[in-house]
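>>> no letters, just coordinates:
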Ligand code: ADX
């Protein structure tokens, strides 16, 4: 009987194929750079709403975008995963890898995942270069998220009908040093959206082609 290959040993027998079209080429074609905008926060803290609203604004500016949303990804790519700590780690590992590939394809990727563990968020960040990953913490207290309870899951978790629910019986580690904090309890959605768009503008998301062809504000891979 042959020994099944582990992920590690399988990767050892693969050779990295260098793409013939660089990220820089794609940025020139698109007229903007790409990056990952990583929203984290409790369920109901506003991650998906903000990611979608920001995407709409960027889309209208002619920027190519895509939202990777926890609930949606768990219907497909991660439909085999649950909500124990190991599954959440694997969920975020897969999403981070997908987000990286999408970023390399030239897209501004907005991710909306609880991503409760600091270690997995750090791993997601370290997959890409500095300046390619922006962590946005959607700050809202458990009491507020529970009061919103848009999906009715907090109620079910309190009744013991959903196990390992983040904030109830599974931890959420507040980011130590996020790139942006949005207090979604105090701030109106429009204000938060404007702050994110302004932040991304400051990060030189949109670049003139002439500038791109001479000096890039980030290192092309
Ligand atoms: S993560 O922790 O692995 O990052 P993810 O963002 O993919 O979570 O999925 C969170 C969504 O799954 C929630 O918004 C909620 O709709 C749903 N969900 C179902 N069960 C749970 C649970 N036990 N804990 C948190 N969210 C859950």
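Great, that's in hand. The structure displayed is predicted, hence computed values, not measured ones.
>>> residue numbers of this structure in contact with the ligand?
43, 70-71, 74, 83, 88, 91-92, 113-116, 151, 153, 162, 164-166, 170 (CB under 6 Å from any ligand atom). (Each C-beta comes from the backbone N, C-alpha and C, glycine too.)
>>> how about 8 Å then?
By CB under 8 Å from any ligand atom, the residues of the chain that approach the ligand are 43-44, 47-48, 69-71, 73-74, 78, 81-83, 87-88, 91-92, 95, 112-116, 151, 153, 157, 162-166, 170.
>>> show me what contacts residue 153?
43, 162, 165 (CB atoms under 8 Å, 6 or more residues apart in numbering).
>>> from the residues you listed, which land in strands?
Nothing among these maps onto strands, per DSSP state E.
>>> so which of those would you say is closest to residue 203?
Using CB to CB, residue 43 comes nearest to residue 203 of the contacts of residue 153, at 27.4 Å.
>>> that closest one contacts residue 162, doesn't it?
No: counting by CB atoms under 8 Å, residue 162 is not a contact partner of residue 43; they are 10.5 Å apart.
>>> higher neighbour count, those two?
For the pair residue 43 and residue 162, the greater number of neighbours falls to residue 43 (26 against 17), based on other CB atoms under 10 Å.
>>> check contacts around that one.
Residue 43 makes contact with 114, 145, 151, 153, 154, 165, 166, 167, according to CB under 8 Å, 6+ apart.
>>> need these in TSV (columns: distance to residue 199, secondary structure and pLDDT).
As requested, the contacts of residue 43 are arranged in TSV below (distance: CB to CB, whole Å; DSSP: H, G, I helix; E, B strand; the rest coil; pLDDT from 0 to 100):
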residue	distance to residue 199	secondary structure	pLDDT
114	21	coil	98
145	23	helix	98
151	28	coil	95
153	30	helix	97
154	30	helix	98
165	31	coil	98
166	25	strand	98
167	26	coil	97
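>>> got a pLDDT number for residue 62?
Looking at residue 62, its pLDDT is 89.
>>> which non-adjacent residue is nearest residue 58?
residue 65 (5.0 Å; CB to CB, 6 or more residues apart in numbering).
>>> beta-bridge partners for that neighbour, please?
When assigned by DSSP bridges, residue 65 has beta-bridge partners residue 108.
>>> just checking, next helix/strand downstream of the helix or strand hosting residue 38?
According to DSSP states H and E, residue 38 maps onto strand 35-40. Beyond strand 35-40 in the direction of the C-terminus, DSSP H and E gives the next helix or strand as helix 47-60.
>>> okay, buried residues for that next one please.
Neighbour-count burial for helix 47-60 flags 47, 48, 49, 50, 51, 53, 54, 55, 58 (criterion: 16 or more other CB atoms under 10 Å).
>>> same list (those residues) but as CSV, adding pLDDT.
Formatted as CSV, the buried residues of helix 47-60 follow (pLDDT from 0 to 100):
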residue, pLDDT
47, 98
48, 98
49, 98
50, 98
51, 98
53, 97
54, 97
55, 96
58, 93
